[in-house]
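*Asks:* Got a predicted model here, sequence first, then my questions.
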Amino acid sequence: MTPDESEASPTRTRIPRCSADATAEHVGELLSAHGAVIVERLIDDALCDRLADQLGPWIETTPTGADACSGHNTRRTGGLLTPDSAAQMLHRDHWCFDFFPFPRDVDVEVSTIWALTDFTEANGATRVVADSHRTAGDATSFAPR
């Protein structure tokens, strides 16, 4: 295991990690190879706190989801989750573009997640299946652990 990789466990998939001073090329290589990458401490705690404070009113006034996929307790202010939301089914974000058959090697959408606070299962953290971008078709056999 390289220093850039997180520890794997029965409930945690290994996702490569790098520091905020990593080059864009290195982050891109990790993303292409694994389908996910964590860039640690890209912004400092003070900026995270300011962003959380500024987003708070918007999150509070955002309605919760209308169905199980969007989460009945989930407030999607730019896709933000809240605690006590049921886990979403595992899915590929590009499924919203299923009206056109893109070639398998075309990434229609690349998502980013900014963890302004602790990112845990208890507070609704997004589940990521590293290397799932390499599965055949639109495999849905991954189950949350």
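*Replies:* Yes, it's here.
*Asks:* all contacts plus neighbour counts: C-alpha atoms, from now on.
*Replies:* Will do.
*Asks:* check contacts around residue 111.
*Replies:* For residue 111, the contact set (Cα atoms under 8 Å, 6 or more residues apart in numbering) comprises residue 93.
*Asks:* quick one: it from residue 78, how far?
*Replies:* As for residue 111, its distance to residue 78 is 11 Å (criterion: Cα to Cα, to the nearest Å).
*Asks:* again with residue 67
*Replies:* For residue 67, the distance to residue 78 equals 17 Å [Cα to Cα].
*Asks:* Okay, strands next: where are they in this protein?
*Replies:* In the chain, the strands defined using DSSP state E lie at 17-19, 38-40.
*Asks:* Nearest to residue 72, out of those strands?
*Replies:* Smallest distance to residue 72 across the strands of the chain (Cα to Cα): 27.8 Å, for strand 38-40.
*Asks:* Direction included, what does that closest one pair against?
*Replies:* Paired with strand 38-40 in the same sheet, following DSSP bridges, are strand 17-19 (parallel).
*Asks:* Tally up the residues packed near residue 70, please.
*Replies:* By other Cα atoms under 10 Å, 19 other residues sit near residue 70.
*Asks:* check contacts around it.
*Replies:* Residue 70 makes contact with 76, 88, according to Cα under 8 Å, 6+ apart.
*Asks:* Identify the spatial nearest neighbour of residue 102, chain neighbours not counted.
*Replies:* Of all residues not flanking residue 102 in the chain, residue 108 sits nearest, at 7.8 Å (Cα to Cα, 6 or more residues apart in numbering).
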